[in-house]
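Asker: Dropping a prediction and its sequence here:
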Amino acid sequence: MGKKVFLLGFLSFFLLVPGLVNSRAFDYRGKKILFINSYHKEYYWSDGEQAGVERVLAGSGVELKVVYMDTKNNPGEKFKRKAGLKVKKIIEKFKPDVVIAADDNAFKYVIMPYYRDADLPVVFCGLNWDISVYDAPYSNTTGMIEVGLYEGIHKHLKRFAQGDRVGFIGVDVLSSYKNADYFSKQMKDKLVFKEHVRDFKSWKKKYLEAQDKVDMLILDTAAGIKNWNAKEAEKFVLENIRIPIGTESVTLASHSLIGLTKVPQEQGEYAAAAALRILKGEKPSEIPLVTNKKGDLFLNIKIAGKLDIIFTLSMLKNAKEIIGVEY
Amino acid sequence: MIRLSIGQKIFYGFWAIILLSVAFLLISYPYLAKIDILSSMVLPLEREMETSQKYNERVKRLESKIELYLVVTSEETREEILAMVEQFNQTVNEAIQAKDSQHLRGILNLAGQINRAASTLISDMDKRDSAYKINLQILTVSKLFDKFEVAQKIFQRQNLRRSLKIVTEEKAIVNKILKIFLILEISIVLFGSLVAFFLTRAITRNLSKLRKGTQDIAAVNFETRIDISSNDEIGQLADSFNTMAEELRRKTVSRDYLDSIIHSMADMLVVVDQYLIVNKVNKAVCDLLGCVEYEFIGEPITKIFLTRDPFLNGAALERRIKEGKIINYEMYCRTKDNVDIPVLLSASVMKDGQGNTSYIICSAQDITAHKRAEEKEKEVIDMKAKLTSMVSYDLRTRMAAIYTGIYLILDGKVGVITDKQKHILGIAQRNLDKVTHLINNFLDFRKLEADTAGFVMEECDINEVVKEVHQEMKPLVEGKGLTFKLELSKKLPRIQFDRDRIAQVLINLISNAINFTEKGTITITTQLDKKGVSVSVVDTGIGIGKKDIQRIFLSFEHIYHPNFKGLRGTGLGLAVCREIIEKHKGKIWVDSQAAKGSTFHFVLPG
C-alpha cells in the first residue's frame, strides 16, 4: 500500500510539473490576426505602425496577414469604399481571430460599416483625436487614439519663450483644422494666433506675422501647402525667426527649434498587445482605450544659435536627431 | 567460497562503501580544484565591476550637475562642476597609470574625455561663446555621456559574459561532480541495499530455521536438526543448537532409560532436595504405600519414612539423612490404610559441580518378610531354648541324683567299696563333672543366644572384678606351675557392666590359657582404651594359627593341636564370651601367633 502511494506521488510529480511550467506561456499557435493598413507600403507612418505590430507578435506563433487599402494615394471616396469592401472579403476568407485597423480609413471604411458591434474583435490604432465621429467605441472594439503632442511641444517652447502667447499655423485641410481645434481646447485663451494656409506664400506671410504677435509658435504640417519649398522655407525661417517654434511634423523639424513627432511604432505595439490579450480570452470592452504618449524629439541647434538658446544636456541627450550641426 | 561471519560481512561492506566514497572523491578532486581556480577568477571581475560602478556614479553626478548648471547657470554649481572635474581627472589619471585593468581602460579614457569636454563647456560658457558653439559643446558632452553609458553597458555586459563563462564552466564542473556524486549515491544505495538485502535474507532465513528448531525442541522433538551451512555467528549458533539437540536427545534417552530402571526397581527410591522435600518417587513407593506419585511430590520426606527410634528424633534424623549417614537404618512407612511397613533406609548425597548438595537419594527395602522370618526364627530359638532348658534341667536333676549316689558310694556311706570300684567311680564322677560343666555352658549359651539371660548392669570398677577372678583362679594357675600376673591400670573409670558375666568371660579366658599353656605366665592387663575399657588375657601358650583365629569365637568350634589331644572342651566357652561382650555392645578379639602365645582382648564401652 505504502509503495503504491509513493509511486503514485512520484509519477504525479513528474507528470504535473511540466504542465505547470507550460501553463505560464499561452499557446497562440493557430490564431490569426489581420492588420489593415489604411495606406500603402513604405509610407513611414503606417510602416511604423506595422513594424510595432510585427515586433510584438514576433515569436508568438500568431499568423499575421497585412492588407493595404492605399487610400493615401487614392483619396477618392469611391476608392475608399471599394477598398473597404475588398478588405471585408479578405476578412471573410482569412477568418482572423482579431482585426487590427490602423488609422482612420481602415476604421471608417471597414469596421464601421461591416463589423460594428460584431463578434469579430477589432483593435484600432492611429484614429485621430476623437473616435466619436465614428460613433465608436463599439462593443467589439478597443485601441489607441492618436493625439497630437502639442502639449509636450508647448512645454518645451515655454522654457525658451519670452511670454505665454501661443500661435498655430496649420494647413487648409480637415485634419489640420481638427488639430487646431483640439490644440485650442488645450491652450484655451493662450492660443491667440490660429491660421490655416493653402500655399507657401501665405505660409511665409503668416509666419512673419506670428513673429510679432505670439511668444511661441507651432507649425502643424507642410503637407497640403501648395508650392512648398523646403530649402527656401529653411532659409526663410533662419533669416526671420525671433521666437521659439515647435512642430510635430518630421518635415518641418528643420524649420523649427523643436520637433516632437508621434511614434507610429507605439500605436502598432499597443494594438498588437491588445490583440494578444483578446486572443487570450479578454473581451475588447475590458481593455481600456488609450492615447499615444511617446514622441521623437528633434532639436535644431542652428535655429537655437540664432535665437541664442542653449539646450539642456538632457534634451540633447534624449533628442532623436540634432538638426543643423555643421562640422 | 570465503565464508564470513555477520560481523565480517558488515565490516567489509562498510569498508567497501567507504572505499567507494573515497574513490569517487579522488575522481572529483580535480574538478573541485578547477572550481577553486575559476572562483578565484571571478574576484578580479567583481573588483572591476565595482570600479566601473564607481566611475559610473561619478559620471552620473557630473552629468546631473552639468544639467543643473545649464538650467540655472549658478556660480555655485559651476564651482562644484569644476571641483568634480578636477578630482575626477586626478582619480582617472591615477587609475590609468595604475593600469588596474585592461578591460577598464576604455571607460577610463571616456571618463577623461568627459572631464575635458565638461571643462571646455564651462570655459565656453564663461567666455559667453555663441549659443550654437555652446550647444555643439553640450552635444559633444552629451555624446560622450552617451558613449560612456554605452561603454559602461558594454563593459558590464562583457564582464557579465566573462563571469557567465566562468559560471558556465563552474556549472559544467558542478554538473560533472553532481553526476559523480549521483553515481556515488546510487552505487552506495544499490551496494548498501544489496548488502542489506542478502545479509537480512541470510539472517532471517537462518533465524526462521532456528525458530522452527526451537519450536521442535519445545515440542520435545529432539531428533530435529538445523541445516545452516554458513560459517557466521548464526551458523555457529546452529551448530551449538544441533549439539544441544543431540545432547538433549541423548540425555532424554538416558533419562527414559533411567526412569525405566528406577520404576522397575523393587526397592523404594525417593529423591529429595537439600531441604528434604520429595522430588521424585519410584513406582515401588507408590505400589507399597498405595498412593500416586504426585501425592508425595513437594511433601517432606517424613511423610514417607517414619522412625520409632526414641534416640533419633526428627531433627537428628533429618541431619543424618542430609549428611547421607543413614545406611540400612530400620524405619517404617505407613500405607494409605495405616499399615506400617518396616523398611531399611539408606541415603546418599548427590552433589553438584561446586560440591553443594543438589539431591539426596533415599533407597529403602521392604523388610516385612525378613522381619516375619526373624520373628519365626526367634520363636524357634525360644522353643529350642525352652526345650533345651527343660531337657537340661531334667538332665541336671538326674545327674545330681547320679552324682549324689556316686558320692555316697565313694564316701562309704552305703558300704565299703574296693579300690578298683573306687577308681571306676572316681572316673565316673569326673566325667559327670565334665558333663555338668558342659550342660551348664550349653545352657548359658542358649540363654544368651535366646536373649533370655538377664543382665544386671551396674556401674563398677573392672579392676575389682579382675582382682576377684585372679584370686579365684590363682590356685589353678599356680597349681599348673604357671605364673599368674596382674598389670592393672589405675586410671580406669567406672563403667556399666554385669559383674558376674564379665567375671565369667575372664574365667573362660583364663581357663583356656591354663589349658593351652605348659609353662610361662598368664597375665591379666587392664587399660583405658579410646572406645572404653580394655581387658587382655595374655598367655605364653601354644598360640593359634591364622586359619583358626577366624572361627574360634564360633559355637562348638574346637582348635586341634597334637600336643593337646585330650583337651577337648564344649566348644562354647569363647562363643559365650563373645555373646556376653556383644550384649554389652563391646568387642572381643584375639592376637596370636602359633607357639608364641595368645592375647585375648575385650573392650567394654565407657
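Answerer: Yep, it's here.

Asker: for chain B, what are the nearby residues on chain A?
Answerer: Proximity of chain A to chain B is confined to A:301-302, A:304-305, A:307-314, A:316-317, A:322, A:325 under the rule Cβ under 8 Å from any Cβ of the partner chain. All C-beta atoms are positioned from the backbone trio N, CA, C, and that covers glycine.

Asker: again, 7 Å this time
Answerer: Residues of chain A lying close to chain B (Cβ under 7 Å from any Cβ of the partner chain) are A:301-302, A:304-305, A:308-314, A:316-317, A:322, A:325.

Asker: and which of those is nearest to residue B:192?
Answerer: residue A:317 (67.6 Å; Cβ to Cβ).

Asker: my guess is the closest one contacts residue B:144, does it?
Answerer: No - under the criterion of Cβ atoms under 7 Å, residue A:317 makes no contact with residue B:144, lying 10.3 Å away.

Asker: more crowded one of those two?
Answerer: Neighbour totals were compared for residue A:317 and residue B:144, and residue B:144 leads with 22 against 19 (other Cβ atoms under 10 Å in any protein chain shown).

Asker: Report whether the expected contact of that one with residue B:117 is present.
Answerer: Yes - contact criterion Cβ under 7 Å: residue B:144 and residue B:117 qualify, at 5.3 Å.

Asker: What ranges does the chain have for its strands?
Answerer: Assuming you mean chain A. Ranges of strands in chain A, per DSSP state E, are A:32-37, A:63-68, A:98-102, A:122-128, A:141-146, A:166-171, A:191-197, A:216-219, A:245-247, A:258-262, A:290-291, A:295-300, A:321-323.

Asker: that's the wrong chain, I meant chain B
Answerer: Along chain B, counting by DSSP E, strands occupy B:268-272, B:278-281, B:305-306, B:329-334, B:340-351, B:357-366, B:458-460, B:483-487, B:495-497, B:521-529, B:532-539, B:587-593, B:597-605.

Asker: From the rest of the structure, what touches the second one?
Answerer: When contacts are defined by Cβ atoms under 7 Å, 6 or more residues apart in numbering or on different chains, strand B:278-281 is touched by residues B:270-273, B:293, B:296-299, B:301, B:304, B:359.

Asker: With the fifth one instead?
Answerer: Taking Cβ under 7 Å, 6+ apart as the criterion, the residues outside strand B:340-351 that touch it are B:268, B:288, B:305, B:321, B:324, B:326-335, B:357-368, B:371.

Asker: could you redo the last one with a cut-off of 8 Å?
Answerer: With Cβ atoms under 8 Å, 6 or more residues apart in numbering or on different chains as the test, strand B:340-351 has contacts from B:268, B:288-289, B:305-306, B:320-335, B:357-368, B:371.

Asker: Quick check: buried residues in it?
Answerer: B:341-347, B:349 (16 or more other Cβ atoms under 10 Å in any protein chain shown).

Asker: how big is the angle separating that strand from strand B:357-366?
Answerer: Strand B:340-351 runs at 150 degrees relative to strand B:357-366, counting by axes from the mean of the first three to the mean of the last three Cα atoms, to 10 degrees.

Asker: low-scoring stretches of the chain, by residue?
Answerer: Just going to use chain A. Of all residues in chain A, those with pLDDT under 70 make up the ranges A:1-25, A:327.

Asker: looking at chain B here, not the other one
Answerer: In the predicted model, chain B carries pLDDT under 70 at residues B:1-4, B:98-102, B:311-313, B:385, B:389, B:449-453, B:555-571.

Asker: where along chain A do the helices fall?
Answerer: A:2-22, A:44-57, A:77-94, A:104-106, A:112-114, A:150-160, A:174-187, A:200-213, A:230-240, A:264-280, A:301-307, A:313-318 (DSSP state H).

Asker: Just name the most buried of those helices.
Answerer: Among these, the stretch with the highest mean neighbour count (mean count of other Cβ atoms under 10 Å in any protein chain shown) is helix A:104-106, at a mean of 25.
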